[in-house]
Structures are given as structure tokens and as C-alpha cells.
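Visitor: next come a sequence and a model predicted from it.
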Amino acid sequence: MPVDEPLTCEVKVDGLWQAVSLNEAAVSYSAALKRCPACHGRVMILGTYSRPDVRRSMSHRKSHGGCPLKLDTYTGTPSLHPQALT
Ligand SMILES: [Zn+2]
């Protein structure tokens, strides 16, 4: 079931987290650490990396019941990921 994915994620650049579009994250920051803007869990960007026209989505590496962006596993109570990136 498709859910509304956020259009941004956070990437770590020079020690600071910045919000960028999923497209930028995949193309310009492919080697950087990426995290979910809601629960700060580590994510990866799905979609073909070399093609800018592909619709991308974000996937948590470990699912987490406290992430409101992941409706299929969300328990209703937001909390940080147990392995949140800081
Ligand atoms: Zn999350």
C-alpha cells in the first residue's frame, strides 16, 4: 500500500544535518549518511541513482514503530529511533 512519503530527508554534511530533497540526497549526497527527519533513524533512498527523473522514496534500514512517517508500522506514539543518528 503506497503511503505519502516525505519529500525530504536529512544528510550529514561537514558534521551538520541538513534537509535536502530525496533527489538531491540520492544524486549529490549519495555517499553521505542519511536519516529520517521525523525519527532520525538511518534511511536509504530507493530509486535509480543515475536517473534524475525517477520518483524516489525513502526507506528505513530498520523499521521503527515510533515513526509517524511510516504509517504501516506506526504505533500512534512518536518516538526517536532506537538507533537514531545524531
Ligand atoms: Zn522515521
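Guide: Noted; the coordinates are in hand. Numbers count the residues shown, from 1 in each chain.

Visitor: quick test: name the residue nearest the centre of this structure.
Guide: residue 36 (3.8 Å; Cα atoms, centre = their mean).

Visitor: quick check, pLDDT for that one.
Guide: Note on residue 36: pLDDT of 96.

Visitor: ok, now residue 26?
Guide: 87.

Visitor: can you confirm it is in a helix?
Guide: Yes: the assignment for residue 26 is a helix, going by DSSP: H, G, I helix; E, B strand; the rest coil.

Visitor: gap between it and residue 73?
Guide: Separation of residue 26 from residue 73 (Cβ to Cβ, to the nearest Å) stands at 23 Å. Every C-beta, even on glycine, is put in place using the N, C-alpha and C of the backbone.

Visitor: which residues touch the residue nearest to the centre of the chain?
Guide: 9, 10, 42, 43, 58, 60, 67, 69, 81 (Cβ atoms under 8 Å, 6 or more residues apart in numbering).

Visitor: count the residues that sit near the fourth one.
Guide: Residue neighbour count, defined by other Cβ atoms under 10 Å, stands at 28 for residue 43.

Visitor: give the contact list for it.
Guide: Counted by Cβ under 8 Å, 6+ apart, residue 43 has contacts 9, 34, 35, 36, 58, 59, 60, 61.

Visitor: SS state for it?
Guide: strand.

Visitor: model confidence for it, exactly?
Guide: Looking at residue 43, the pLDDT reads 95.

Visitor: skipping adjacent residues, who's closest to residue 61 in space?
Guide: For residue 61, ignoring the flanking residues on the chain, the nearest one in space by Cβ to Cβ, 6 or more residues apart in numbering is residue 42 at 4.7 Å.

Visitor: now the one you found: how far from the ion?
Guide: 9 Å (Cβ to the ion, to the nearest Å).

Visitor: I'd say that residue and residue 85 touch.
Guide: Yes: Residue 42 is in contact with residue 85 according to Cβ atoms under 8 Å; the separation is 5.7 Å.
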